[in-house]
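# The following comprises the amino acid sequence and a computationally predicted model.
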Amino acid sequence: MLAAHPYNRRLIAYEQEVLRGTITDRRGEVLARTEGPGKRVYPQGYAAAPVVGYLSRRYGRTGCEAAMDYYLLGLNPELRLQNMLRRLKGEVPRGNDVRLTLDAELQAHAMNLLRGRRGAAVVLDPRTGEVLAMASQPSFDPAAVDERWPELSTDPAAPLVNRATDGAYPPGSLMKLITAAAALETGKLAQDEVFSCPGHIVVDGFDLHDTAAHGRVDLVRALAVSCNTTFAELGLRVGPEGLFRAAQAFGFGRASGLELPERGASLPAPEGMARPEVAATAIGQGRTLVSPLRMALVAAAFARDGVIMQPHLLVAVTDPEGRSVFTSVPRVWLTATTPQVAAAVRNGMVAAVRGGTARQAALPGVTVAGKTGSAQNPQGAPHAWFVGFAPAEAPRVVVAVIVENAGAGGTVAAPLGRELLKQALARSGLEDHDR
């Protein structure tokens, strides 16, 4: 809203008079607080910066510091009235405190896993849409933005960019999840159909190579080994309009409602798309671009029988006296596909972890569903992708991981996904026990 716009001059003046509220994680760990006259402190430092953002009188604000200004400065009508009374009494006006869905310990773990790399990771609860972690590396110290601005703003590694929400990457073989759903929904594929993969497919003179000659494969096996030939053929059957509609059903081109700005996901318009590009699009190459958050949401659809919950970061807002101002309620964002289609694709994702390209995401005693990707990148080596969820029978955690210019998703991103799933399941188990 206009009143909370970070460049509103009245807002800037108002902020100098108000004790800005505290931001905490889901368990009450402080992520940002005000100490002394206008001094903002960030106890989690680099680890929470991609989500919390920074606050600077000179350079503005980002992340939750910007998105939740309305509450942090007490601009809601009830608190504005209370603050008017505080001024009359000679007291300092105060903002509301904000509690996020973020798990600070899990967030730090995700950031440490990516340390020394360029990439991002997202952890969601598919049952509620709560964002448990949102890592982006390299990162920055939000308390040092003013003094380090010239360096941070010109660094080619772009530490100020939240790659989890603003990154624009080809999805690689993760797109095969949507292609499979499109083929099943439109009746272009029977679940028991068997394909023959000779190791490549020729489309109007364009030779699209596979990773191997996979021989005879059904849908589950094709997902497990990530067969380019099968999914290129399915893309041609569905056609550009069918792929476009399926991508839209999974949220491409739509705002998710997350509190932070995000670039979303985009697919080329189907009009005039030649058959070779259709085949390439079906396997995640070409002009399709996605963020890690969006691929986490795609995976969440298969975890929750086709339903995607609206992603969100805000759990609750309380006034300075501890009274409730706002409490979030989980909401359905999209119904991307049917439970039957979601189950069929989920079976292929389980097979990928049990004996396919995502083997390194396996966890002892837990059924993990996953999909890897190695996305071609014109600027260098392929980006390594992994999405997955667990336990596959009743998913509590969804993860998406990308490591830039790192090569094969199965050898680089899948092990990181495994560690995130392991930690997130342990953390969610503690929370369930506390309840």
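Perfect, I can see it now.

# Neighbours of R61, how many?
For R61, the count of nearby residues is 22 (other C-beta atoms under 10 Å). (Glycine included, C-beta is placed from N, CA and C.)

# wait, it sits on G53?
Yes: taking C-beta atoms under 8 Å as the definition, R61 is a contact partner of G53 at 6.3 Å.

# Can you pull the residues that touch both of the two?
Counting by C-beta atoms under 8 Å, 6 or more residues apart in numbering, R61 and G53 have no contacts in common.

# how close does G388 sit to W333?
Taking C-beta to C-beta, to the nearest Å as the measure, G388 and W333 are separated by 20 Å.

# after the longest strand seen in the chain comes which helix or strand?
If you go by DSSP state E, the chain has its longest strand at strand 380-390. Per DSSP states H and E, strand 380-390 leads on to strand 397-403 as the next helix or strand towards the C-terminus.

# and for that next one, what are the contacting residues?
With contacts defined as C-beta under 8 Å, 6+ apart, strand 397-403 is touched by 114, 117-126, 132, 163, 167, 169, 292-293, 295-296, 299-300, 303, 383-390, 412-413, 416-417, 420-421, 424-425, 428.

# Show me which residues of that strand are buried.
V397, V398, V399, A400, V401, I402, V403 (16 or more other C-beta atoms under 10 Å).

# of those residues, closest to A265?
A400 (12.0 Å; C-beta to C-beta).

# Distance of the closest residue to that closest one other than its chain neighbours relative to V123?
The shortest distance from A400 to any non-neighbouring residue, by C-beta to C-beta, 6 or more residues apart in numbering, is to A296 (3.7 Å). Using C-beta to C-beta, A296 is found at 8 Å from V123.

# ok so G348 is a strand residue?
No: G348: not assigned to a strand; according to DSSP: H, G, I helix; E, B strand; the rest coil it is helix.

# The closest residue in space to it that isn't next to it in sequence: neighbouring residues, count only.
Spatial nearest neighbour of G348, excluding adjacent residues (C-beta to C-beta, 6+ apart): L223 at 2.8 Å. Number of residues near L223 (other C-beta under 10 Å) recorded here: 29.

# Wait, L223 touches A180, no?
Yes: counting by C-beta under 8 Å, L223 touches A180, with 6.5 Å between them.

# show me what contacts T34?
L19, R20, T22, R40, V41.

# related to what we said a few turns ago, in contact with the residue nearest to A400, which residues?
Neighbour list for A296: V122, V123, L124, V387, V398, V399, A400 [criterion: C-beta under 8 Å, 6+ apart].

# again, 7 Å this time
Applying C-beta atoms under 7 Å, 6 or more residues apart in numbering, we find A296 in contact with V122, L124, V387, V398, V399, A400.

# which among those residues gets closest to V203?
V387 (26.6 Å).

# number of nearby residues for the residue lying closest to that closest one once chain neighbours are set aside?
Leaving aside its chain neighbours, V387 sits nearest to A299 (4.0 Å; criterion: C-beta to C-beta, 6+ apart). Per other C-beta under 10 Å, the neighbour tally for A299 reads 29.

# What strand or helix carries A299?
helix 292-303.

# quick one, phi/psi of L19?
Main-chain dihedrals, L19, degrees, to the nearest 10: phi -80, psi 100.

# Give me the neighbour count for R148.
Neighbours around R148, by other C-beta under 10 Å: 14.

# That one - that's part of a helix, no?
Yes: assessed with three-state DSSP, R148 lies in a helix.

# On the pLDDT front, check it for me.
We have a pLDDT of 95 for R148.

# could you check the distance from it over to Y42?
14 Å.

# same check, this time on A413
On the measure of C-beta to C-beta, A413 and Y42 end up 28 Å apart.

# Just want to know which of these two has more residues nearby.
Between A413 and Y42, counted using other C-beta under 10 Å, the more crowded position is A413 (32 against 24).

# what sits against the residue nearest to the more buried one when sequence neighbours are not counted?
For A413, ignoring the flanking residues on the chain, the nearest one in space by C-beta to C-beta, 6+ apart is F386 at 3.7 Å. Applying C-beta under 7 Å, 6+ apart, one finds that F386 lies in contact with A358, A361, G370, T372, V401, G409, A413, A414, G417.

# from the residues you listed, which ones fall inside helices?
Among these, DSSP state H puts A413, A414, G417 in helices.

# Take these and lay them out in a markdown table including distance to N76 and pLDDT.
Converted to a markdown table, the ones in helices among the contacts of F386 look like this (distance: C-beta to C-beta, whole Å; pLDDT from 0 to 100):
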| residue | distance to N76 | pLDDT |
| --- | --- | --- |
| A413 | 41 | 94 |
| A414 | 44 | 95 |
| G417 | 39 | 96 |
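
# quick one: which of these is nearest P339?
Checking the ones in helices among the contacts of F386 against P339 with C-beta to C-beta, the nearest one is G417 at 24.5 Å.

# gap between that closest one and G129?
In terms of C-beta to C-beta, G417 sits 20 Å off from G129.

# Looking at these two, which one has more neighbours?
Under the criterion of other C-beta under 10 Å, the comparison of G417 against G129 puts G417 first, with 30 against 25.

# so that one touches G388, yeah?
Yes: with contact defined as C-beta atoms under 7 Å, G417 reaches G388; the gap is 5.3 Å.

# okay, and the common contacts of those two?
Joint contacts of G417 and G388 (C-beta under 7 Å, 6+ apart) are A361, G370, V399.

# what's across from the closest residue to the second one other than its chain neighbours in the sheet?
For G370, the nearest residue in space outside its immediate sequence neighbours is G388; the separation is 3.2 Å by C-beta to C-beta, 6+ apart. In this entry, G388 is beta-bridged to G370, V399, by DSSP bridges.

# same check, this time on I308
Beta-bridge partners recorded for I308 (DSSP bridges): L334.

# Nearest residue to W385 in space, ignoring adjacent ones along the chain?
Among residues not flanking W385 along the chain, G373 sits closest, at 3.5 Å (C-beta to C-beta, 6+ apart).
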